[in-house]
Structure formats: structure tokens, C-alpha cells
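Q: Got a predicted structure here, sequence first:
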Amino acid sequence: MTARYNPPPNWPAPPVGWTPAPGWAPDPSWGPPPQGWQLWVEDGIDDPAAAPPLESSPLDRPTGSSWPARHKVLTGIGAVVVLFILIGALNGGNDDEESPGVASTQETQKDAKTAEEIAAEDEASAQAEADRKAEEDAAAAAKAEEDRLAEEQRVADEAAAAAAAAAEAARIGSVAQQNAYRSAVNYLDFTDFSRTGLIEQLEYEGYATADGEFALARLEAEGGVDWNAQAAATAASYLEFTSFSRSGLLDQLIYEGFTPEQAEYGVGTTGL
């Protein structure tokens, strides 16, 4: 059976499977092992304390003084080596693992970076939304202004159309006034009249005086009648029918309703 190292309970526990090197000696600061403790035991023995002591060889029996006492320098070096081995064994398992502080710092940095990215995305989204809203507001304002101008134009066009219609209605007059106008045109096409004489003729036909006045005013505005020419034509007709003196023809024209100025013009055209 193979002997294995069996450290006392009051000594530091060596790494699993560790076996002292030849010439190894424990650190004196560890203290002596319990009385009767076997540093070397057989692997098959479960109770190291109850295991029978190994038969010591002449090399194991002290001669005068202990080996550590005789080799103090080597003992110190061995102790330091063992201490480094123990420290390395205890810390070796954590070489490939990040310390909690480092991992926490890296995770915090990742979280901070993620938060910055999220903040940047939120800012970009908010800016895009603000730009979209500004474009919508500008489009709505432009549409409202376009609608306002279109409405103003519509109102102006309607007002102009209404004014034109009113002017046309005022120009042509009511149905009765339009009829009086047409009758006056027909009378003037048939014979010559003074303004007063044509009004009396329309009244005789049953038109109201106001309708007759409107008809003649419309004729005058449209240039449809020249009362001086009417006076001249009437004077010529009288002279074709009978003889008149100048004064007699003037009186006859004034009697027919021409003004003195119109009568003078009419008589003057006859050569009297």
C-alpha cells in the first residue's frame, strides 16, 4: 500500500493531492503535531490517528538533533516555497474568473452605454416627431391661408357678380320699364318726337310717368336719341306740310315739347 502525507489538524491544509518534496520540513511556526500523530499513513487506513506507526528507518531516527534544527536555512526556504504553493493553489482557481468588482464595473459600463444609446434614440425620435409636427403645422397654415384667400376671392367674385347684376338690372329696369323702353324705340323709329312729346305718348299708351322717364333716360344714356336731331327732323316735316315763318316754326317746335335751344337748332337747320 502507498503511504500518503497526513498533516495534523493544527497545521495548514495542503492542496489536494500534494505530497511533500524530499527534504521538506514544516514551518516551525505551525507548532508540533499532536502526540502520537503519524505524518505518513497508508491509503487504506480510514482513521489516521488509529493507524499503526510506520516502522522507522535509520534515516528517520534523529541523531543528536532534529533535521529542521540542523538545516534551518533549507527549512525556511522550504516553508516559503510551501507558502507560495498554498497561496497559488488557493488563488489559482480564480485566475480565469473576473472579480465581482470588475464584472460589476463592466456591467455598469454596458448599462451606461445602453442608457446613452437609449437617450440618443429618444432624442432623435423626439426631434423627428418635432420636425414632423412642424411640417404638418406649416402645411396646415399654408392650406388655411390658401383657403382664406380662395374664400376672399369667392366673396369678391360674388360681390362683383351681384353688383354687375344689380347694375344690369338697374340699367334695363323692371319689366314695365323695359316695355316702355322698347315702345319708345319703336316710336322714334316711326316718327320724330321731342322728349316731352314722347313721354306724353307713352303715358297715353298706359305707361306710368316714372316708367316713361326711365325709358327715355336709358335711351339718352345709351346714345339712342339726339333731341336736336329730332327737332331738326320735325321742323323739316312741318315745312314740307305747310309754310312757316321763323318765329312761327320756333313756336310750333316749342309747342311740340322741344326746349328753346332745341327749337333754335331745328329751325336753324331749315335755312330760316
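A: Yes, it's here. Numbering: from 1, shown residues only.

Q: Where does the prediction get shaky in this protein?
A: For the chain, the stretches flagged by pLDDT under 70 are 1, 43-82, 88-112.

Q: what's the single longest helix in it?
A: Ranked by residue count and defined by DSSP state H, the top helix of the chain is helix 100-172.

Q: Who are the packing partners of the following helix or strand past that helix?
A: Following helix 100-172 in sequence order, the next helix or strand is helix 175-190 (DSSP states H and E). Judged by 3 or more Cβ pairs under 8 Å, 6 or more residues apart in numbering; DSSP states H and E, helix 175-190 is in contact with helix 195-204, helix 209-221. Placement of C-beta: from N, CA and C, glycine included.

Q: contacts for the shortest one?
A: Pointing back at helix 195-204 there. Residues from elsewhere that reach helix 195-204 (Cβ atoms under 8 Å, 6 or more residues apart in numbering): 180, 183-184, 187-188, 193, 209, 211-213, 215-216, 227, 256-258.

Q: Likewise for stretch 209-220?
A: Contacts for stretch 209-220 (Cβ under 8 Å, 6+ apart): 171-174, 176-177, 179-181, 183-185, 188, 195, 198-199, 202-203, 207, 224-225.

Q: repeat for stretch 165-185
A: 198, 202, 205, 207-208, 211-212, 214-216, 218-219, 221, 224.

Q: and the nearest residue to P34 once chain neighbours are set aside, how many residues sit next to it?
A: In space, and not counting its chain neighbours, P34 is closest to P8: 5.8 Å by Cβ to Cβ, 6 or more residues apart in numbering. P8: 16 surrounding residues under other Cβ atoms under 10 Å.

Q: start the count at 770, not 1, going forward
A: Got it, the first residue is 770 from now on, which makes the last one we talked about P777.

Q: For P777, give its distance to L852.
A: As judged by Cβ to Cβ, to the nearest Å, P777 and L852 stand 17 Å apart.

Q: What's the local residue count around A1002?
A: Counted with other Cβ under 10 Å, the neighbours of A1002 add up to 15.

Q: same deal with V810?
A: V810 has 22 neighbours, counted by other Cβ under 10 Å.

Q: isn't it right next to R773, touching?
A: Yes: under the criterion of Cβ atoms under 8 Å, V810 makes contact with R773 at 6.3 Å.

Q: in a strand, that's where R773 is, yeah?
A: Yes: under DSSP: H, G, I helix; E, B strand; the rest coil, R773 falls within a strand.

Q: Distance-wise, check it relative to W787.
A: 10 Å.

Q: Likewise for W809?
A: Where W787 is concerned, W809 sits at a distance of 14 Å (Cβ to Cβ).
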